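Asks: no FASTA, just this:
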């Protein structure tokens, strides 16, 4: 069964950093804000949800994907970045329908699994 791309509302890119790479992450963030039509999430200094380390989120529309993702490939400054669609199924979006730029991190996906009644 093929997932229809019409189900994609928008995308998230999660930019991961640690104490040693926070300055790189800040420079990247400022460049993203200047260059693209995005909605920036706040700095998350602690792991949150499925994300195993500090990160910030970049939300962008379907039309921006072909601009920002290639740019991130070349300008990520060694940072790990998770890119995923938002289809309404957070588990599948993070577990199956994702792509990694740089070193993949082990996500804590259990918190995204649908709860059984």
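Replies: Right, received. Where do you want to start? All values derive from a computational prediction rather than experimental measurement. Numbering: from 1, shown residues only.

Asks: So what's the residue count around residue 91?
Replies: Burial of residue 91 is recorded as 15 neighbouring residues (other CB atoms under 10 Å). (Glycine included, C-beta is placed from N, CA and C.)

Asks: Please tell me the pLDDT value assigned to it.
Replies: If you check residue 91, the pLDDT there is 92.

Asks: quick one: what helix or strand has it in it?
Replies: Per DSSP states H and E: residue 91 is located in helix 90-95.

Asks: What residues sit buried inside that helix?
Replies: 90, 93-94 (16 or more other CB atoms under 10 Å).

Asks: Packing partners of the helix or strand bottoming out on mean pLDDT in the chain?
Replies: In the chain, no helix or strand scores lower on mean pLDDT, DSSP states H and E than helix 90-95, which sits at a mean of 93. Contacts defined by 3 or more CB pairs under 8 Å, 6 or more residues apart in numbering; DSSP states H and E place helix 90-95 against strand 81-86.

Asks: for the strand it packs on, which positions count as buried?
Replies: 81-85.

Asks: Quick one: residues in contact with stretch 95-102.
Replies: Residues outside stretch 95-102 that contact it (CB atoms under 8 Å, 6 or more residues apart in numbering) are 3, 69, 72-73, 76, 78-85, 87, 107, 109, 112.

Asks: got it, and stretch 55-72?
Replies: So stretch 55-72 is in contact with 8-17, 25, 29, 32, 35-44, 48, 81, 83, 99, 101, going by CB under 8 Å, 6+ apart.

Asks: Check the offset of it from the chain's centre.
Replies: 8 Å (CA atoms, centre = their mean, to the nearest Å).

Asks: All set, thanks.
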